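# Next comes the sequence, and after it the predicted model I'd like to discuss.
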Amino acid sequence: MIVAFETALDARPERWDEAVQALDGTVFHSSHWAELQRQVQGCRPLYVLGRDERGVAVGVALGLFRQSRHPLARWLLRSLELPTYPIAERGDPALVEALVAETERFARRLGCARIAIGSNFAGASKLSLASRGYSTTDRVEFEVDLSAETDALWQAIKKDQRDRIRKLTQAGVEYEWTARPDPIGALGAVRESALERRLEREQGFDLPADPEYYQRLHQALLAPGAARLLLAKQGGAVIAAILYATFARKAYSVFSGSTEAGYKLGAQTGLYWYAVNTFKAEGYRVLNRGGVSASAAAENDPLHGIYRFKHRLGTTPVLCRSGEKVLSPFRDAIGRLRGRVARWRQSPDSSA
């Protein structure tokens, strides 16, 4: 039972990350993720800590407070986003509900128009966002239980993918992981290559505009040990890369990409198997290969190829549900009106 809340904007409560680990949280509850978002998005982290009558931490929630940079609009255009669901001792639904209620209360106090709750690594949560008035969207993440025997994990991979892993070795592809700052630029390069291919299929994704983004990524995640960069190389050249957030013995795929050569060889499949073996050997419990919209399960969906690829690696699809809720109809209406005006000004015929 939560008897007291400790809520802090900007400065995390003492021993925050230790509490997150004790409660079986993820990197998306950690101060490392909060610091990354502060650096790259300019948001302010909100830490909500619930304690019981003994003063022991029994629940946590991490929020990201955003407001307009315009001097006048900043008082109206405000929102709060949780990267994932709050967590509580033994997954107690009542404690999670209490944390959500406290987070909503503080968001109203901050003057937020909306609150959004993401679902990264949240497939196991029993929280019903719809019952709390949230509009929801469904995602699917692909998880692997690393406590299984290595042979069972290998056999779970579809035969064509197992054959590809063997061929990669025959082609001289080698793998390594690093947390050093100098190879981080390779991640940006392979992601740009992947974007070019995705745009051809009208499946584009956003790349960071900040030229210092990957350096900030290293400072916030890799340097403190909250992420690893896995590389596939052929002839000494990087042909594929994937960044895993690593926290509380759980690994989560954040970014990945391949060069044209790496794509043709299927190097991401080899990197996956390398990740499974590396993290399993170190006692990690779960590997999450990231998510995609739940609609991608349908064969006619544009992203079905990504869904199919991740599933054929022997992963288990896990339903995750994100949600959004209006806290202030007035402020929200102002924000939507401002958005429509901005889009009108950017349209080609707005000056006609």
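Arrived safely, thanks for sending. Residues are numbered from 1 along each chain as shown.
# Measure how buried residue 47 is and give me the count.
Burial of residue 47 is recorded as 21 neighbouring residues (other C-beta atoms under 10 Å). All C-beta spots, glycine's among them, are computed from the backbone N, C-alpha and C.
# pretty sure it is touching residue 8, no?
Yes: at 4.8 Å, residue 47 and residue 8 qualify as touching, with contact defined as C-beta atoms under 8 Å.
# Just the strands from this structure, written as ranges.
In the chain, the strands defined using DSSP state E lie at 4-9, 44-51, 57-67, 78-82, 87-88, 114-117, 135-145, 173-178, 227-234, 237-247, 250-258, 286-293, 316-326.
# Mind listing what's buried along the first one?
Read that as strand 4-9. Using 16 or more other C-beta atoms under 10 Å as the test for burial, strand 4-9 gives 5, 7.
# neighbouring strands for it, and are they parallel or not?
Strand 4-9 sits in its sheet next to strand 44-51 (antiparallel), going by DSSP bridges.
# Identify the residues contacting the strand it pairs with?
With contacts defined as C-beta atoms under 8 Å, 6 or more residues apart in numbering, strand 44-51 is touched by 2-13, 16, 19, 31, 34-35, 37-38, 57-66, 80, 86, 88, 95, 98-99, 102-103, 106.
# List the residues that contact residue 315.
By C-beta under 8 Å, 6+ apart, the contact set of residue 315 is 142-144, 289.
# okay, it: pLDDT?
The per-residue pLDDT reported for residue 315 equals 97.
# Quick check: closest non-adjacent residue to it.
residue 142 (3.7 Å; C-beta to C-beta, 6 or more residues apart in numbering).
# Wait, that neighbour touches residue 286, no?
No: Residue 142 is not in contact with residue 286 according to C-beta under 8 Å; the separation is 11.1 Å.
# When these two are compared, which one has more neighbours?
Shown here are residue 142 and residue 286; by other C-beta under 10 Å, residue 142 has more neighbours (23 against 18).
# Tell me what the more buried one is bridged to.
Residue 142 has these beta-bridge partners by DSSP bridges: residue 317.
# Relative to residue 250, how far out is it?
As judged by C-beta to C-beta, to the nearest Å, residue 142 and residue 250 stand 14 Å apart.
# same check, this time on residue 137
Using C-beta to C-beta, we find residue 137 at a distance of 23 Å from residue 250.
# Which one's more surrounded, these two?
Higher neighbour count among residue 137 and residue 250: residue 250, with 21 against 15, using other C-beta under 10 Å.
# in terms of contact, does that one touch residue 283 like I think?
No: applying C-beta under 8 Å, one finds residue 250 not in contact with residue 283, separated by 11.1 Å.
# ok, which stretches of the stretch 101-250 of the chain are helices?
Using DSSP state H, counting those that start in this stretch, the helices of the stretch 101-250 of the chain run over residues 150-156, 159-170, 184-200, 213-217.
# Can you tell me which of these is most buried?
The highest mean neighbour count among the helices of the stretch 101-250 of the chain, using mean count of other C-beta atoms under 10 Å, belongs to helix 213-217: a mean of 19.
# what's the span of stretch 20-36, first residue to last?
End-to-end span of stretch 20-36 (C-alpha to C-alpha, to the nearest Å): 17 Å.
# How far off centre is it?
Taking C-alpha atoms, centre = their mean, to the nearest Å, one finds stretch 20-36 lying 11 Å from the centre of the chain it belongs to.
# and it, which residues are buried?
Applying 16+ other C-beta under 10 Å to stretch 20-36 flags 20-21, 23-36 as buried.
# List buried residues within the contacts of strand 44-51.
Buried residues within the contacts of strand 44-51, defined by neighbour count using 16+ other C-beta under 10 Å: 2, 5, 7, 12-13, 16, 19, 31, 34-35, 37-38, 57-66, 80, 86, 88, 95, 98-99, 102-103, 106.
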